[in-house]
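Colleague: Got a sequence here, can you model it:
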Amino acid sequence: MKIIYEEISKLTPKFRTMAYGLTTDKNTVDEAVQELMLYFLQMNPETLEAIYDKDGILGITRYGAVALRRALTSPRSNFYYKYSKYYTNLSGRYMDERSDSTQNNFHQSIYNLPIVEDVDLQWEKLEKIDKALDDNFSWYDKKVFELYYSESNTLDSLAKKTGISRNSLFTTIDKVRVQLKKKLNE
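Modeller: Have a look, this model is predicted:
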């Protein structure tokens, strides 16, 4: 496996070139390639070895290219949630209205973040959600909802942990979410 990982690390410049085909932002390219390397390290070793045995380094390159393209283009990718969504929200909230939206002004505004007084409002909302969960839902609905949101589980990982089918979990979480919206908007 060490040989495979060494070969993958040698592909970094190639993956950077591929990423520049999808975006021109150097930081995004660096983060995406770094995330791809982490993806390879966390990947199932047998699967990685099977790809390498079947097609060699070309197979790894192709697999990496697909993973990289998905990371940079799909709003459902982990990369999107870790980087793009986070920085998009920051730029929308903290950009100076008088400045243009250049990267330089964005970084200047990040270091001078205003004191946000919405923290109390967020805690109030969370307390309202907890109270609504306690008052209006069974222990099962409440526990499934809390497990899904508090531990940032996916439906698949939660299904594996609990032994409850993915579809049943989805139905329960969706039902609780819809009823919570109705209760909190009243």
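Colleague: For stretch 133-141, which residues meet the burial criterion?
Modeller: 133, 137, 141 (16 or more other CB atoms under 10 Å). Quick note: C-beta positions are derived from backbone N, CA and C, even for glycine.
Colleague: Could you find the closest non-adjacent residue to the last one?
Modeller: Okay, so that is residue 141. Nearest non-adjacent residue to residue 141, counting by CB to CB, 6 or more residues apart in numbering: residue 176, 5.1 Å away.
Colleague: Kindly report the same for residue 183.
Modeller: residue 132 (4.8 Å).
Colleague: sec struct for the one you found, please.
Modeller: helix (DSSP: H, G, I helix; E, B strand; the rest coil).
Colleague: picking that back up, ok, the residue nearest to residue 141 - how many residues close by?
Modeller: Neighbourhood size, residue 176 [other CB atoms under 10 Å]: 22.
Colleague: tell me which element it is part of?
Modeller: helix 166-185 (DSSP states H and E).
Colleague: list the helices and strands that helix packs on?
Modeller: helix 119-136, helix 139-150, helix 155-162 (3 or more CB pairs under 8 Å, 6 or more residues apart in numbering; DSSP states H and E).
Colleague: dump the residue contacts of the nearest residue to residue 128 once chain neighbours are set aside.
Modeller: Leaving aside its sequence neighbours, residue 128 sits nearest to residue 184 (CB to CB, 6+ apart; 6.0 Å). By CB atoms under 8 Å, 6 or more residues apart in numbering, residue 184 lies in contact with 125, 128-129, 132.
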